[in-house]
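In: here is my input; please provide its structure:
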Amino acid sequence: MVAVHDLDALAAALSGALLDLPSFGALVEIPTQGIGGKVPFGWAQWHPEQRRFQAQRTGRDIVLKPRQIGFSMLELARDLQFARTHEGVQVVVVVHTGEAKNELFSRVHVMVRALHRWGLLPEAKENTKTGLRWTDLDSSIKIIEAGKDEGTAAARGRSGTIHRLHATEVAFYAQPEETMTALLAASEHAEVVIESTANGTGNWFHEHVMLAREGRFEDFTFHFFPWWEHEAYRARAGSYPPPETKRALYWENELRKLGCDEEQIAWWRKTVQKYGIDKALREYPPTVDAAFTVSSEKWFAPEYIDRLRVHVREPIERRRLERGGQSYGELRIYEHPKPGAAYVLAADPSGGNGINEAAITVIDHRHGHTVAAWDNNRVRPGELGHVVAMIGRLYNNALVAVERNEWRKGKDGSDTEGGIETLHVLERDERYPRLYRDPQTKKLGWSTNEHTRPLIFHDLAKGIEDPDSPLTTPDARTVDEAASIVRDPKTGRLYVPGKRRGRGDDGLFVTWGIARQVRERAPIPGKVIAVPVGSSMVSASFRT
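Out: You can find the predicted model right below:
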């Protein structure tokens, strides 16, 4: 007969095993790759990347990963564990294809059968092609495919409250914006893990990786696992020929800087030979930026972006901007204003609806150095006028150039000039003394059009790529935008991708370019005495 205290000890041990993911993994089985059969999924079978994530997970995580490191398998074990250790919960796993759904569900069944053999799992009350539900805990796990159109994508979050969400290969969803918006709304207080390999730029996953990397994606923590940390990615040294292109040679040199040895270099050469450099960087990224570097899309070669990043530094001050109890975020200050110095401030409005960002760049008029930068996607054009005035006055009444052209469409489909409202506030409410006026049209503000757009982009590119005196900026956000500039394959148009492809013209890179263009057109002023004339923007001028 077993003593009561022995039963209590056994129950406690079993409870502890179920609640500890490595111990839970030892109770389930997973298919082995390539050789057939199944093995327990305990700590000894985990890769270093899996162990690191388990130690660092926060419950709200977004992960950029290379192929075939077993990350989806790890999270599938967590999905099942969560469903079997919490009462009344719904666990939802979202995949990108029907094939992936079938594959993951078959792996869940392998785990479930192992738990049955241990006597640790009752039969499921519901067992369908998409999910399992148990009545003892009233908990469930289901695997669904991301929506293929806007309607079905938006409906993915309507199946009730989600208590754990596992979204896998999000970069390959057909409608990621609609799918993830719906799912995150249904899992506001849930445990969430979003994991994927990269799939180009300008999509939901790319944008939210960049935001999370800077700590700006809600309460999500960003995790990255480079391929060279994976112990299996090695080949016999010298077994593959050296790179034949400058680009492949560049990335091999970067790998050596990261500390890769000759066996890892050999594996990388094999991978590049098999997939090509673009796919190798995307599916087995050595760095975060490499994952989103595609030669067919990106305008700047990676070596120029790396050169820019060398000069990035932390601001010497992050100054909160507030007015009337309203917060407008932080101004990143890299140089404090100097008495008597002249500055140029370029501002780009947005709709203030969270889709694209309003941005400001301030440069020193004499040297062209970036001295401050600001961006925010929740500031409307009118409010932006007050923000511009605050920053402009801080920098000795800097010459202000507001991009006045479109951020929205009129009811008749024509473009409306979004900067007009910002300029109205600056002139009428703020009585700001130094507003840039186009020398040809005599209109206030800067117009980015078919003639000035090439100047903005190509003059910046010329400076950035100049081997003798390269143009730099200390602002990391501006460099990130430079790294993501793409050329539209149909029109040849250059732009910074936004949440809606082709609508991301506003941004720090553009204001950097506008500020430099205005600097070339406007002489360094002497002492400014501003005398406003007239009451409307059309008739207003300033005598200096």
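In: how near is residue 507 to residue 227?
Out: Counting by Cβ to Cβ, to the nearest Å, the gap from residue 507 to residue 227 is 30 Å. C-beta here means a position set from N, CA and C on the backbone, and glycine is covered the same way.
In: shaky segments in this structure?
Out: Scanning the chain with the threshold set as pLDDT under 70 gives 1-15, 33-36, 149-159, 294-298, 351-355, 405-418, 489-490, 492, 496-506, 525-544.
In: okay, domains of it per the record?
Out: The record assigns the chain these domain ranges, following automatic domain parsing: 4-225, 236-295, 310-542.
In: can you redo the ones you listed as TSV with distance to residue 302?
Out: Supplementary listing: the domains of the chain in TSV, determined by distance: least, Cβ to Cβ, whole Å:
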stretch	distance to residue 302
domain 4-225	13
domain 236-295	5
domain 310-542	8
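In: can you say which of the ones you listed is nearest to residue 303?
Out: The minimum distance between residue 303 and the domains of the chain falls on domain 236-295, with 5.7 Å, by Cβ to Cβ.
In: can you redo the domains of the chain as JSON lines with distance to residue 304 and mean neighbour count?
Out: Listed next are these as JSON lines, based on distance: least, Cβ to Cβ, whole Å; neighbours: other Cβ atoms under 10 Å:
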{"stretch": "domain 4-225", "distance to residue 304": "16", "mean neighbour count": "18"}
{"stretch": "domain 236-295", "distance to residue 304": "11", "mean neighbour count": "17"}
{"stretch": "domain 310-542", "distance to residue 304": "6", "mean neighbour count": "18"}
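In: what about residue 63, which SS state?
Out: Per DSSP: H, G, I helix; E, B strand; the rest coil, the local secondary structure of residue 63 is strand.
In: how close does it get to residue 219?
Out: In this structure, residue 63 and residue 219 are separated by 15 Å, where distance is defined by Cβ to Cβ.
In: next one: residue 58
Out: The gap separating residue 58 from residue 219 is 8 Å, by Cβ to Cβ.
In: next up, the contacts around residue 224.
Out: 63, 64, 65, 288 (Cβ atoms under 8 Å, 6 or more residues apart in numbering).
In: may I have the phi/psi pair for it?
Out: Dihedral angles of residue 224 (phi, psi; degrees, to the nearest 10) stand at phi -130, psi 140.
In: returning to that earlier point: which of the contacts of residue 224 sits closest to residue 332?
Out: Using Cβ to Cβ, those come closest to residue 332 at residue 288, 20.6 Å.
In: hmm, that closest one is touching residue 212, no?
Out: No. Using Cβ atoms under 8 Å, residue 288 makes no contact with residue 212, being 10.5 Å away.
In: which SSE is residue 248 in?
Out: helix 246-257 (DSSP states H and E).
In: other residues contacting the longest helix belonging to the chain?
Out: Here the longest helix in the chain is taken by residue count, with DSSP state H as the criterion, and it is helix 98-117. For helix 98-117, contacts defined as Cβ under 8 Å, 6+ apart pick out 27-31, 38, 40-41, 72-73, 76-77, 79-80, 84, 93, 95, 121, 123-124, 129-130, 132, 141, 143-145, 168-169.
In: next step: those residues restricted to helices.
Out: When DSSP H is applied, the contacts of helix 98-117 are split such that 27, 72, 73, 76, 77, 79, 80, 84 fall in helices.
In: for the residue positioned nearest the centre of the chain, what are its contacts?
Out: The chain has residue 210 as the residue nearest its centroid, 2.3 Å off, counting by Cα atoms, centre = their mean. By Cβ under 8 Å, 6+ apart, residue 210 lies in contact with 480, 484.
In: where does it land in three-state SS?
Out: Local secondary structure at residue 210 is given as helix here, using three-state DSSP.
In: swap in residue 193?
Out: Per three-state DSSP, the secondary structure class of residue 193 is strand.
In: just to check, it is in contact with residue 61?
Out: Yes. Applying Cβ under 8 Å as the test, residue 193 and residue 61 come out as touching, 4.9 Å apart.
In: look at stretch 491-510 and report the distance between its end residues.
Out: With Cα to Cα, to the nearest Å as the measure, the first residue of stretch 491-510 is 19 Å from its last.
In: about what we covered before: what's the closest of the contacts of residue 224 to residue 187?
Out: Within the contacts of residue 224, the smallest distance to residue 187 is 16.3 Å, found for residue 63 (Cβ to Cβ).
In: show me what the closest one bridges to in the sheet.
Out: Taking DSSP bridges as the rule, residue 63 bridges to residue 195, residue 223.
In: that one contacts residue 192, correct?
Out: No. Using Cβ under 8 Å as the test, residue 63 is too far from residue 192 to be in contact (11.1 Å).
In: now residue 347. Its backbone dihedrals?
Out: Taking degrees, to the nearest 10 as the convention, residue 347 sits at phi -130, psi 140.
In: just checking, it touches residue 403?
Out: Yes. The pair residue 347 / residue 403 is scored as a contact, 6.8 Å apart, by Cβ under 8 Å.
In: give me the common contacts of the two.
Out: Here residue 347 and residue 403 have 419, 511 as joint contacts, going by Cβ under 8 Å, 6+ apart.
In: now do the contacts for residue 38.
Out: Residues touching residue 38, when contacts are defined by Cβ under 8 Å, 6+ apart, comprise 29, 30, 31, 32, 110, 114.
In: format those as TSV; extra columns: distance to residue 484.
Out: As requested, those are exported to TSV (distance: Cβ to Cβ, whole Å):
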residue	distance to residue 484
29	42
30	37
31	38
32	39
110	40
114	45
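In: which pair in those residues spans the largest distance?
Out: If you compare every pair in these using Cβ to Cβ, the most distant one turns out to be 32 and 114, at 13.8 Å.
In: gap between the closest residue to residue 379 other than its chain neighbours and residue 511?
Out: Once its chain neighbours are removed from consideration, residue 379 has its nearest residue in residue 358; the separation is 4.9 Å (Cβ to Cβ, 6 or more residues apart in numbering). Counting by Cβ to Cβ, the separation of residue 358 from residue 511 is 9 Å.
In: now for those two: what residues contact both?
Out: Going by Cβ under 8 Å, 6+ apart, residues that sit against residue 358 and also against residue 511 are 347, 348.
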